[in-house]
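Visitor: This is a predicted model, with the sequence first.
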Amino acid sequence: MKKLVLFSSANKQGNTAKLIEHVAKHHQLDVIDIDSLQISPYNYQNEYPEDDFYALVERILAADKLIFASPVYWHAPTAPIKQLIDRITELTDVQSLKPKARAFANKKAFVLATSASDELCPIFDGFFAKVFNYFDIQYTAKLHASCRDGFSLDNTVLAQFNVALNK
């Protein structure tokens with residue numbers, strides 16, 4: 001099973017990267033740094049300069065499990081993650097791309113998040129839940145690390161996440 005991590009963070013060696021490392025100790029992960037890609041913002045005309053979006057969509061479609069990894073910034077994922085999701089709208093707009101949008105259905109999705117809170121922000125979580133629901137993607141599990149007083153991850157919660165990621 002191919003597990004693809006779509007990673008974005010202003011700090012490439014920060015807490016979200018640490019969280020990915022903890023998961024990677026138990027899984028073979030293909031990590032893509034979304035911030036290093038050129039993905040044009042969504043527009044209603046669906047006219048885009050050549051960028052990395054279509055190649056990324058192919059990698060996403062080739063994966064069995066999608067893992068979105070982002071710190072929580074103002075109750076939301078990073079701007080590059082949001083821009084990617086906005087751009088995925090193109091797959092629902094353009095007739096020739098609609099089969100790709102439908103191919104998202106039944107994939108399993110996971111969320112890795114870090115924040116200064118003890119619990120995952122419900123707005124952040126709800127954002128992903130609604131996106132996944134729209135594309136009929138199964139929101140399988142989430143893993144949150146509290147980082148208010150340094151990186152903190154409950155090993156029991158990590159083990160439960162790993163079980164879900166292995167199913």
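Guide: The structure has been received and is ready for your questions. Residues are numbered from 1 along each chain as shown.
Visitor: how close does the nearest residue to Thr92 once chain neighbours are set aside sit to Phe7?
Guide: Take Thr92 and drop its neighbours on the chain: the residue closest to it by CB to CB, 6 or more residues apart in numbering is Ala101, 4.9 Å away. No exception for glycine: its C-beta is placed from N, CA and C like everyone else's. As judged by CB to CB, to the nearest Å, Ala101 and Phe7 stand 23 Å apart.
Visitor: Then Ala159?
Guide: Taking CB to CB, one finds Ala159 at 22 Å from Phe7.
Visitor: right, and the secondary structure at the residue most central in space within the chain would be what?
Guide: Taking CA atoms, centre = their mean, the centroid of the chain lies closest to Phe68, which sits 1.6 Å from it. Here Phe68 is recorded as strand under DSSP: H, G, I helix; E, B strand; the rest coil.
Visitor: Determine the longest helix present in the protein.
Guide: Criterion DSSP state H: the longest helix present in the chain is helix 79-93.
Visitor: And the strands in this structure?
Guide: 3-7, 30-33, 65-71, 108-115, 138-146 (DSSP state E).
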